[in-house]
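**Student:** after the sequence you'll find the predicted model.
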Amino acid sequence: MTRRRGPAIAAIVLLALAAAGAIAIFVTHFPRGIFTVAFVVVGVVLAWGGIVRRGVGRWLRLTLGLLLLVAAVLLVVLVGPALAEVGVVLALVLAFVAARTAASLRVALPPATPPTRAVLFWNPRSGGGKAERFHLPDEARRRGIEPIELQPGEDLNELVRSAIASGADGLAMAGGDGSQAIVAAHAAREGLPYACIPAGTRNHFALDLGVDREDVVGALDAFVDGGERRVDLAEVNGQVFVNNVSLGLYAEAVQEQGYRDAKLRTIFDAVPAALGPDSEAPALRFDGADGTEQSSGAAILVSNNAYRFGLVSAATRPRLDEGVLGVTIFGAQSSPLTEWTAPAFEVRSDRRIPAGVDGEAVVLDAPLRFLARPGVLRVRIAPQHPGASPSADLPDSPWKALGQLARTGFGRSAQSDDCATPTAA
């Protein structure tokens with residue numbers, strides 16, 4: 001029995017128990033279900049109306065919406081056998097955890113020759129001082145890697161250029177994704193191996209590369225006995241990014257001075273400006289997947305390869321080597337959510353466009369020209385790390401997911417723990 005077969009069987013059993021419990025509750029307490037659904041739907045509509053508007057009406061809608069949602073919860077908890085309903089919810093949560101474990105991959109990357117003079121650039125302020133907390137400079141020296149600290153006011157681009165001119169043949173970055181993009185761009189330009197050290201706050205790039213975000217020190221082993229794979233980069237108006245560029249709502253929020261200290265509150269305050277009836281956000285025009293010109297006043301996300309949005313995938317990218325941009329439009333003219341992929345994409349406007357480039361606030365001249373750069377980055381990953389995105393083996397639909405769980409759990413030849421080639425990720 002493989003490592004993935006046990007969790008797959010557990011997920012199937014738990015889903016079956018949850019489904020049986022839900023059917024029993026629905027049959028025995030039928031009228032209550034109708035009121036619960038109605039409270040949830042109306043509450044969500046009212047709450048959304050409060051989010052996108054200003055003034056007294058905003059708080060009235062929010063209050064009524066939240067009261068209806070609370071009423072729905074109380075209706076479930078206080079009326080009827082709440083213990084059975086809690087059991088159904090618990091079974092679903094445990095099934096979700098088991099399914100994620102069953103879908104996790106470990107990719108056996110081709111071995112690579114360690115660099116003779118690897119350099120680690122590290123930002124002591126990233127991730128709340130994560131690099132210093134894990135003694136990352138000392139750990140780097142133990143592995144023959146030269147640590148270079150990014151001091152306040154220093155230009156990371158200049159530090160990287162100087163290191164390359166001095167003979168560096170491997171580049172690693174311990175910091176946020178904006179800094180990762182700078183070092184990765186130089187590594188791609190010079191054809192040097194690159195290692196992503198997850199010492200930032202969220203480390204989205206590391207997650208999708210298959211780097212264990214909890215093993216900051218172990219990520220340095222990428223330049224000791226790590227394997228290598230090639231991944232893509234992307235650029236907007238010549239500026240490289242590793243994750244995504246956001247336009248609209250999120251981009252407006254990151255421009256605010258207090259965003260770093262109060263992210264949720266700042267985004268909440270930015271919603272009326274981007275989505276409300278008095279929105280002053282710049283009109284963004286672009287050609288849709290069918291080639292017709294469209295516009296969006298909500299949000300546009302252009303990513304280095306496509307994200308998979310959903311409960312299970314949690315907005316990760318299954319692959320970073322397909323050579324495409326992921327284009328996601330929120331609040332489009334024809335649909336609340338539209339997604340497609342393309343090697344290039346352009347956004348037009350009559351004025352400069354605020355943007356969040358890998359989470360960093362910038363204002364760019366229109367038009368914005370996005371371009372995918374396939375396979376330009378040689379990434380090294382420590383052998384003990386997964387080497388694949390957590391969504392690399394997740395199916396596209398719930399029905400396909402059930403089929404995959406059945407094949408993994410009960411198939412005659414369940415898939416092995418490791419995947420032999422990096423292309424499978």
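**Tutor:** Sure, I can see it.
**Student:** hey, where'd the helices end up in this structure?
**Tutor:** Remark: helices assigned in the chain by DSSP state H are 5-28, 30-51, 56-78, 82-103, 130-133, 136-142, 156-165, 177-190, 204-209, 222-225, 249-254, 263-275, 398-410.
**Student:** which regions of the stretch 151-300 of the chain lie under the pLDDT threshold?
**Tutor:** Where the stretch 151-300 of the chain drops to pLDDT under 70, the residues are 249-282, 297-298.
**Student:** cool, the stretch 1-150 of the chain as well?
**Tutor:** Using pLDDT under 70, the flagged stretches of the stretch 1-150 of the chain are 1-3, 21-41, 44, 48-59, 75-89, 100, 102-104.
**Student:** the same query, at a cut-off of 50, please.
**Tutor:** 1, 52, 54 (pLDDT under 50).
**Student:** please list all residues in contact with Asp208.
**Tutor:** Neighbouring residues of Asp208 by C-beta atoms under 8 Å, 6 or more residues apart in numbering: 243, 316-317, 320, 389. (Each C-beta comes from the backbone N, C-alpha and C, glycine too.)
**Student:** from these, pick the one nearest Ala382.
**Tutor:** If you rank these by distance to Ala382 using C-beta to C-beta, Ser389 comes first, at 15.8 Å.
**Student:** please report phi then psi for the closest one.
**Tutor:** As for Ser389, its main-chain torsions (degrees, to the nearest 10) stand at phi -60, psi 150.
**Student:** what about Pro124, neighbour count?
**Tutor:** By the measure other C-beta atoms under 10 Å, the count of residues near Pro124 is 19.
**Student:** gap between it and Glu139?
**Tutor:** 14 Å (C-beta to C-beta, to the nearest Å).
**Student:** rewinding a little: CSV for the contacts of Asp208, including neighbour count and distance to Gly6?
**Tutor:** Converted to CSV, the contacts of Asp208 look like this (neighbours: other C-beta atoms under 10 Å; distance: C-beta to C-beta, whole Å):
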residue, neighbour count, distance to Gly6
Asn243, 26, 33
Thr316, 18, 24
Arg317, 25, 27
Leu320, 26, 29
Ser389, 23, 22
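**Student:** what's the closest of these to Ala355?
**Tutor:** Asn243 (12.8 Å).
**Student:** quick check: the closest one touching Asn203?
**Tutor:** No. Counting by C-beta atoms under 8 Å, Asn243 stays clear of Asn203, with 10.2 Å between them.
**Student:** what do these two both touch?
**Tutor:** Jointly contacting Asn243 and Asn203 under the rule C-beta under 8 Å, 6+ apart are Asp177.
**Student:** partner strands of the lengthiest strand in the chain, with direction?
**Tutor:** Taking DSSP state E as the criterion, the chain has its longest strand at strand 368-381. Next to strand 368-381 in the sheet, as set by DSSP bridges, lie strand 193-197 (parallel), strand 227-236 (antiparallel), strand 344-348 (antiparallel).
**Student:** how about JSON lines for the ones you listed, with distance to Val302 added?
**Tutor:** JSON lines is the format used below for the strands paired with strand 368-381 (distance: least, C-beta to C-beta, whole Å):
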{"stretch": "strand 193-197", "distance to Val302": "21"}
{"stretch": "strand 227-236", "distance to Val302": "7"}
{"stretch": "strand 344-348", "distance to Val302": "6"}
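**Student:** out of those strands, which is closest to Gly403?
**Tutor:** Across those, the minimum distance to Gly403, taken as C-beta to C-beta, is reached by strand 227-236, at 28.2 Å.
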